[in-house]
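1. okay, predicted coordinates and the sequence, questions at the end:
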Amino acid sequence: MSKTVHIPLKTNNQSINIALDTIQIGKQALIFVNTKRSAEKLSEDISKKIKHISLPTLSASILKAVSSPTKQCRRLSKIVEKGVAFHHAGLVSKQRELIEDKFREGVIKVICCTPTLAFGLDMPAFRAVIRDLKRFSVGTSWGMTDIPVLEYMQMAGRAGRPGKEDYGEAICIAQTESDKDFIEQKYIEGEPECIYSKLAVEPVLRTYLLSLIASHFVRTYDDIITFFSKTFWAYQFEDMNRLESIINKMLKLLVDFEFIEMSETTDDFVSAQEMAERKVKATKLGERVAQLYIDPLTANKLIEDMKASAEQDLTAFSVLHMVCSTLELRPYLRIKAKEVDKIEERYAEFADEILADEPEMFEDHYSDFMDSIKTSLFMYDWIEEKGEEYLLETFDIRPGEIKAKLDRADWLLYACVELSKIIGLTKVNKDITKTRMRLKSGVKEELLSLLRLKGVGRIRARKMFNNGIKDLKDAKTCDLTKLAQLIGRAISYKIKEQLGQKVTPIKENKRKGQINLNDFR
DNA sequence: GGACGGTGAAACTTCAGGTTGCCTC
DNA sequence: GAAGTTTCACCGTCC
């Protein structure tokens, strides 16, 4: 159903006008844009036009959501004060949740967001404004491309709050008349795209094939073919011969990687019957790869790298670059034009620690390789105790993205630790475990001992270390008063307890949580 | 006359997102 | 391809 709505033209920016009108009529809006920058800029521009809303408490809690606020946090906090917010993957989860909750409660009136809010979340609004129907894409269609109709529907579907309002408004913004006709035809009246099975994507197929075998869901070649012939993929693909040849290619790969074993055929000439009855079984290594749920190609690459470096010392940078060379860590942080020299310079420092072969400068994938170096350098700086503000300034990576990348790297490092156990690479196992521990907390090696204490993270450990408390022994002999001055009373009490020193809080004339220092020997 | 600030055009730069393992306070 | 950012020239104002 269409309806004519008049929006007062208070500015020459239609998105701002719609936002202001939505607030004016006492409703809420989600505005979808195509970049994180745009989401931030538009929400800021809208907030500047709002005079009558002031939410200082909420604004403060946005800053409090993180221990050391970055430029991004300060910007968001200022915008939120006016009942507006931006929302994208660069936010940390606490801030994201806060914004989502306050929007649901009706406190925040307008959110400018990337498509994050279109999928999965229960975040309806009276108005869903789709400002950008084009998005930059790389690969076969390089440049700005129209977003899929399905995605438009996801965003438009956020309009209207069932049970609370009778209807909602989904608004697209056209720049010209012909633009308007195009939008009407393609998106409003158009059909969504067909859905295609993703099973044929090689990493997906490799992973599923191995896990089917490892979990004993299939035991023979015939089982495999029968299983895949019943999938949606086969239904869509129709050509079972071609499908079988793809599966064969994958099976060969898994055999080459020593993740599965297939029983030998007796003769050079193999009958169809004989082929179908060939037994398929995962090796011990293959079983673990399947459990770890990593792409077999990645697993094999990591294993090869670890084997190749079995005899040498693996530095933190070589370990980080090893995991940063996998598909799982993509997309890499991209090197920007003005930082090429700086990254090259820093790379020179670590060049001899890289396990992979460095491509020649004129080769196609050189820039891709350098992006993987930049990604590794970001992680390296993290484990050298650089803060989020520094990482944002230096690598243009936002707090939420930092967390996402580190989580993935940690998962792969865990996989490396597990795989190195199975293939018996003790030394490699030790080096990787150490780097993984550093990555988890973002600390230099010297702090690892102190991190074993509960309640001690990178900040507290650094404080303790710089004040002469360098390991658990120092922490044990350290005077409680000194410790309490450094990192607080309550936490010092907990630390001493963990170290087996009995502490009894003073019962009389004390404030809550005060401790009897005389109890320490 | 020089420092400073505001303005607007031109040149330049950059571009969405999320699932998997396992554990531990 | 286009939005957002940076750079730079230009102009007016002030001391």
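-> That came through, no problem.

2. distance check, the residue lying closest to residue A:277 once chain neighbours are set aside against DNA strand C.
-> Once flanking residues are discounted, residue A:277 sits nearest to residue A:220: 5.9 Å by CB to CB, 6 or more residues apart in numbering. In this view, the C-beta of every residue, glycine as well, is placed from N, C-alpha and C. From residue A:220 across to DNA strand C, the span is 51 Å (CB to the nearest atom of the strand, to the nearest Å).

3. burial of residue A:220, as a residue count?
-> 17 (other CB atoms under 10 Å).

4. if I look at it, how far off is DNA strand B?
-> According to CB to the nearest atom of the strand, residue A:220 stands 26 Å off from DNA strand B.

5. wait, isn't that residue in contact with residue A:275?
-> No: taking CB atoms under 8 Å as the definition, residue A:220 is not a contact partner of residue A:275, at 9.7 Å.

6. tell me which element the single nearest residue of the stretch 151-300 of chain A relative to DNA strand C is part of?
-> Of the residues in the stretch 151-300 of chain A, the one nearest DNA strand C is residue A:175, at a distance of 6.4 Å by CB to the nearest atom of the strand. Secondary structure assigned from DSSP states H and E places residue A:175 in neither a helix nor a strand.

7. now swap in residue A:290 and tell me
-> Applying DSSP H and E, one finds residue A:290 within helix A:284-292.

8. contact residues of the stretch 51-200 of chain A facing DNA strand B?
-> Taking CB under 7 Å from any atom of the strand, the part of the stretch 51-200 of chain A that reaches DNA strand B is made up of A:88, A:89, A:90, A:114, A:115, A:116, A:119, A:120, A:135, A:136, A:137, A:151.

9. and if we set it to 6 Å?
-> Residues of the stretch 51-200 of chain A found near DNA strand B (CB under 6 Å from any atom of the strand) are A:88, A:89, A:114, A:115, A:116, A:136.

10. list the buried ones in the longest helix belonging to chain A?
-> Scanning chain A for the helix with the most residues, using DSSP state H, yields helix A:399-422. For helix A:399-422, burial by neighbour count (16 or more other CB atoms under 10 Å) applies to A:399-403, A:405-406, A:408-409, A:411-420.

11. for the following helix or strand past it, which outside residues touch it?
-> For helix A:399-422, the following helix or strand on the C-terminal side (DSSP H and E) is helix A:426-441. For helix A:426-441, the external contacting residues (CB atoms under 8 Å, 6 or more residues apart in numbering) are A:306, A:309-311, A:313-314, A:316, A:319-320, A:379, A:382-383, A:406, A:409-410, A:413-414, A:416-417, A:420-421, A:444-445, A:447-448, A:451, A:457-458, A:461.

12. give me phi/psi at the residue in the stretch 151-300 of chain A that DNA strand B sits nearest to?
-> Proximity of the stretch 151-300 of chain A to DNA strand B (CB to the nearest atom of the strand) peaks at residue A:293, 3.8 Å away. Dihedral pair for residue A:293: phi 60, psi 40, per degrees, to the nearest 10.

13. can you count the residues close to it?
-> Counted with other CB under 10 Å, residues neighbouring residue A:293 total 11.
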